[in-house]
Structure formats: C-alpha cells, structure tokens
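Q: Test case, fold it:
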Amino acid sequence: MHPTLLGVLGLALLGTLHAQDSVPVQSDFQQDKITGRWYTIGLASNSNWFKNKKHLMKMCTTDISTTADGNLEVTSIYPKGDQCEKRNSLYIKTEQPGRFSYTSPRWGSEHNIRVVETNYKEYALVFTQISKSTGSSNMVLLYSRTKELSPERLERFTQFSGEQGLTDEEILILPPTDQCMADAA
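A: Just a heads-up that it's a prediction; the model follows:
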C-alpha cells in the first residue's frame with residue numbers, strides 16, 4: 001500500500017511539472033519593454049489565500065524596473081483596508097528570456113514566473129507556479145498600462161486562466177479604485 005501511495009504522489013508531481021512546462025513564454029521576449037508602470041486588472045488563483053481574500057481585492061499598481069545585473073525589481077502598491085501596502089519583489093532572470101524565479105522571504109515559497117504574452121504597450125499576461133512545503137498553486141495576472149482594458153484582452157485572460165485549470169470562482173477582474181494610485185509613484 002505504501003509503495004502505491006508513493007507512486008501516485010510521484011505521478012501527481014510529474015503531472016504538475018509537465019503542466020508547468022507546457023505554459024508558454026512570450027517568444028522574442030524583450031525585457032526592457034516590460035519595465036514601467038502597470039495596473040493589475042485581473043487576478044486568478046487556486047490558492048487558499050486568494051479564495052479567502054478575493055472579496056477584499058481591488059486594482060493596484062505595479063512598477064517594474066531592471067536591476068544592474070539584469071533582474072527585475074517589482075514593486076506593487078495595493079489597497080489593504082483603508083491603507084496602502086507596498087510589496088517589493090526581486091525576480092531573478094533564468095536562462096530563458098521571459099522566465100523568472102522568486103523566493104518569498106515572508107512565506108518561504110518558490111515562484112516560477114513566466115511572461116506568457118504581451119504587446120508591451122497595452123497588456124501583459126503572467127503565469128506563476130507557486131510551490132510551498134504545504135503544496136503548490138497557480139496564479140495568473142493580467143497587467144494593463146491603463147486602468148481599463150478591452151473586452152478582448154479580458155476574455156483572453158479568462159480563457160488562459162481556464163486553460164490552466166482555474167475555475168470561474170478562481171478568476172477575478174479586479175474592481176477599479178483610485179485608492180493608492182497617487183502613492184504608487
């Protein structure tokens with residue numbers, strides 16, 4: 001019985017790794033063009049954190065810049081209650097352009113980040129596989145250069161999220177807000 005359980009767990013892990021490898025990365029990714037101000041328009045995730053907090057979430061800003069060693073400094077400012085919270089992350093470049101890794105010092109989680117598609121001037125679709133000791137989850141982010149995005153881009157976000165196994169309840173178009181937008185500079 002015990003060897004069977006290990007075999008099932010091994011197959012599940014292999015399936016997760018295969019699914020992660022099947023997520024595309026933007027062809028001909030140009031890192032210098034992804035930098036600048038973005039608004040987070042959509043968020044989808046199968047994590048418990050997201051399921052518990054999604055009713056509180058609103059649109060936020062994310063500023064991306066390149067560090068001297070070619071990594072990405074990602075700073076997000078988002079409403080949390082009646083205050084603005086700031087989170088800094090350092091995305092480490094990998095051998096594949098458009099793919100990054102990040103380790104959360106707060107949660108001890110490993111993030112495998114892929115810029116799936118972008119036209120740099122309007123939108124970016126980003127997929128993240130998050131691995132923790134308690135399990136793994138997926139997250140899809142939809143960034144926009146403006147606070148509004150075309151219905152076609154919103155539909156593409158919803159479609160891609162569904163392709164990653166996320167359900168309608170796990171997909172959220174973030175409500176617009178002016179809260180924390182001025183502080184984001």
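Q: And for the residue nearest to residue 72 when sequence neighbours are not counted, the neighbour number?
A: Excluding the flanking residues, the one nearest residue 72 by C-beta to C-beta, 6 or more residues apart in numbering is residue 91, at 4.1 Å. Every C-beta, even on glycine, is put in place using the N, C-alpha and C of the backbone. Per other C-beta atoms under 10 Å, the neighbour tally for residue 91 reads 19.
Q: Can you give the distance from the helix or strand hosting residue 91 to the centre of its chain?
A: Assigned by DSSP states H and E, residue 91 belongs to strand 83-93. Mean C-alpha position of strand 83-93 versus that of the full chain (C-alpha atoms, centre = their mean, to the nearest Å) differs by 12 Å.
Q: Okay, buried residues for the helix or strand following that strand please.
A: On the C-terminal side of strand 83-93, the closest following helix or strand by DSSP H and E is strand 99-103. Within strand 99-103, the residues scored as buried using 16 or more other C-beta atoms under 10 Å are 99, 100, 102.
Q: before we move on, what about stretch 139-157?
A: Buried residues in stretch 139-157, defined by neighbour count with 16+ other C-beta under 10 Å: 139, 140, 141, 142, 143, 144, 149, 153, 154, 156, 157.
Q: List the ones among the residues you listed that fall in helices.
A: Residues of the buried residues of stretch 139-157 located in helices (DSSP state H): 153, 154, 156, 157.
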